[in-house]
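Asker: coords please:
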Amino acid sequence: MSKRTGWTRQQLLITFKLYCELPFGKLHHRNPEIIKYAELIGRTPSALAMKLTNIASLDPAITETGRTGLQGASAADRAMWAEMESDWNRFALELQQAAAGLEIPVDDQADDAMDYTGQERAVQGRARVGQAFFRNTVLSAYRNRCCITGLAEPRLLVASHIVPWKDDKANRLNPRNGLCLSMLHDKAFDAGMITLNEDLTVRVSRKYCREGDAFFADALLGYEGKVIVVPEKFRPDEEFLAFHRERVFERA
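Answerer: Numbers count the residues shown, from 1 in each chain. This next block holds a predicted model:
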């Protein structure tokens, strides 16, 4: 019997990419995506699924709800988790490079037309790939539903930045700086019409409330005080939410 070998860096990177982009409930060996990727990296679907659940045991958003995954996270898993948390921008790019090395198609369909004016084409391409990773990670964390309304149509969902793209380069790809919102609520959030309180309830600015505006009352004001659906992974960072309340939200 051949001796079992440790996981290579490329195998771990692909596994972390899957962890970020798959909903927690799909981290099992029967998932077609896991079967496909297991073959690409030379591992069995069961081994890959086990590694994914071991990684889940490192995620506070998972463990705080009692879903501890497995308990076999290795030192290499822990080191890569810390590496990911310390620099999401660099890590996301390396994940995509690892995927490209296995000829896995790279999704470059970002949400928003970010301002890449004056950047070189290669830089633009990396930025778009990073934004696609951010979108996939945020939407999967919220089970592909708007965290305010529950809308589940992917074409109408946006991975919305809590701290705006232009204000924090270091956290542009950090999923804890993201919310899954409908297109309408994404625009309202960006415009400071709505925000989230510390208890993750929705707060609506009265500055834009017009008497007789039934749509505003239903689509925005109607969600005042509603608790958002908390994500399965990568819970929004309170520091980012505080920034939005203080610097973006428009009080009456």
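
Asker: any idea which helix or strand in the protein has the lowest mean pLDDT?
Answerer: In the chain, no helix or strand scores lower on mean pLDDT, DSSP states H and E than helix 121-141, which sits at a mean of 77.

Asker: any idea which helix or strand comes after that one?
Answerer: Once the chain leaves helix 121-141, the next helix or strand it forms, by DSSP states H and E, is strand 157-161.

Asker: quick one: residues in contact with that next one.
Answerer: Strand 157-161 is contacted from outside by 111-112, 134-135, 137-139, 144-146, 151, 172, 177-183, 185-186, 189-190, using Cβ atoms under 8 Å, 6 or more residues apart in numbering. The way it works is simple: take the backbone N, C-alpha and C, and place the C-beta from them, glycine included.

Asker: can you check stretch 179-193 too?
Answerer: 138-139, 141-142, 144-149, 151, 156-160, 162, 164, 194-196, 204-205, 207-208, 219-220, 228, 231, 236, 244, 248-250.

Asker: do stretch 7-16 as well
Answerer: Stretch 7-16 has contacts (Cβ under 8 Å, 6+ apart) with 37, 40-43, 48, 51-52, 55, 74, 76-77, 80-81, 84, 94-95, 98-99, 101-102, 104.

Asker: which of the residues in that stretch are buried?
Answerer: 7, 10-16 (16 or more other Cβ atoms under 10 Å).

Asker: got the CA coordinates for it in PDB?
Answerer: This file holds the C-alpha atoms of stretch 7-16, laid out as PDB (Å, rounded to 0.1, in the frame of the first residue of the first chain):
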ATOM      1  CA  TRP A   7      -1.600  18.100   0.500                       C
ATOM      2  CA  THR A   8       0.300  20.300  -1.900                       C
ATOM      3  CA  ARG A   9      -0.100  24.100  -1.800                       C
ATOM      4  CA  GLN A  10      -2.000  24.000  -5.100                       C
ATOM      5  CA  GLN A  11      -4.400  21.300  -3.800                       C
ATOM      6  CA  LEU A  12      -5.000  23.400  -0.600                       C
ATOM      7  CA  LEU A  13      -5.600  26.600  -2.700                       C
ATOM      8  CA  ILE A  14      -8.200  24.800  -4.800                       C
ATOM      9  CA  THR A  15      -9.800  23.500  -1.700                       C
ATOM     10  CA  PHE A  16     -10.000  26.900  -0.100                       C
END
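
Asker: cool, thanks, talk later.
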